[in-house]
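[1] Sequence first, predicted model second:
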Amino acid sequence: AQSVTQLDSQVPVFEEAPVELRCNYSSSVSVYLFWYVQYPNQGLQLLLKYLSGSTLVKGINGFEAEFNKSQTSFHLRKPSVHISDTAEYFCAVSEAKAAGNKLTFGGGTRVLVKP
Amino acid sequence: DAGITQSPRHKVTETGTPVTLRCHQTENHRYMYWYRQDPGHGLRLIHYSYGVKDTDKGEVSDGYSVSRSKTEDFLLTLESATSSQTSVYFCAISGDVGHRGYGYTFGSGTRLTVV
């Protein structure tokens, strides 16, 4: 079974500064990786995903993530954040080619962007 | 979210009563999921479905049952609600990996309070 660890539960950051959210996973098989964002009182929205191919993945709202197989990581970055990026971010993993497409989520990282 | 709706959005119920939450999709996706979200735990899978009448347990299935009699509807039932089941419940849908835009789409959630 796979597991996901998000190393920071909260990340405060100033507006226009860069941010990195760390995600490590463990799995004995090939995986698909995802980042989701949750704005207050809303459902989760897909930011980006890695299925195969280039390890640098670009998503919506200027976010990108890099898959590092040797370090079993999938860190999320944005070079310059806005107030509107204040939200909770979830990293998730599923086993490639496994039945059910089940996702396992990390515990989440709350990002607070300060003016 | 477009293509997936959850009902009700909010519910308060008493301990020991049965409760049913509904998830309805218009995307004709094969897979449907029920997750619960609790602070510090991220999202945890309760049950999922890979087709009509085909369901399976997730990691936190005790006290919950599901049914899927039609492609578009996935019901979650708390057989006898307990205070530990106070949570936010999310439904999600997914196509197959080869489906364009593969990834979960989440509903807006149901906030359930058991008193």
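    Looks like it arrived, so ask away.
[2] contacts and neighbour counts: CA atoms only from here.
    OK.
[3] how far away is residue A:80 from residue A:16?
    4 Å (Cα to Cα, to the nearest Å).
[4] what's the answer for residue A:2, then?
    Distance of residue A:2 to residue A:16, given as Cα to Cα: 35 Å.
[5] Buried residues, stretch B:63-78. List them.
    Neighbour counts using 16 or more other Cα atoms under 10 Å in any protein chain shown place B:64-68, B:71-78 of stretch B:63-78 among the buried residues.
[6] Endpoint to endpoint, it covers what distance?
    End to end - Cα to Cα - stretch B:63-78 spans 6 Å.
[7] For residue 23, grab the count of nearby residues.
    In the absence of a named chain, chain A is used. 25 (other Cα atoms under 10 Å in any protein chain shown).
[8] wrong chain, I was asking about chain B
    Quick note: residue B:23 (other Cα under 10 Å) scores 25 neighbours.
[9] And the pLDDT for the closest residue to it other than its chain neighbours?
    Spatial nearest neighbour of residue B:23, chain neighbours left out: residue B:6 (4.6 Å); criterion: Cα to Cα, 6 or more residues apart in numbering or on different chains. Residue B:6 is assigned a pLDDT of 96 by the prediction.
[10] starting at the chain centroid, how far to the longest strand along chain B?
    Longest strand in chain B, counting residues (DSSP state E): strand B:42-51. Remark: strand B:42-51 is offset 7 Å from the chain centroid, using Cα atoms, centre = their mean, to the nearest Å.
[11] try stretch B:37-46
    With Cα atoms, centre = their mean, you get 12 Å for stretch B:37-46.
[12] ok, now stretch A:38-51?
    9 Å.
[13] about what we covered before: just the buried residues of stretch B:63-78: which are in strands?
    Reading strands off the buried residues of stretch B:63-78 with DSSP E, I get B:64-68, B:73-78.
[14] Can you name the residues bridging to the closest residue to residue B:83 other than its chain neighbours?
    Leaving aside its chain neighbours, residue B:83 sits nearest to residue B:114 (5.0 Å; criterion: Cα to Cα, 6+ apart). When bridges are taken as DSSP bridges, the partners of residue B:114 come out as residue B:13.
[15] Quick check: residues of chain B near chain A?
    Proximity of chain B to chain A, by Cα under 8 Å from any Cα of the partner chain, involves residues B:1, B:31, B:39-45, B:48-50, B:90, B:94, B:96-97, B:103-109.
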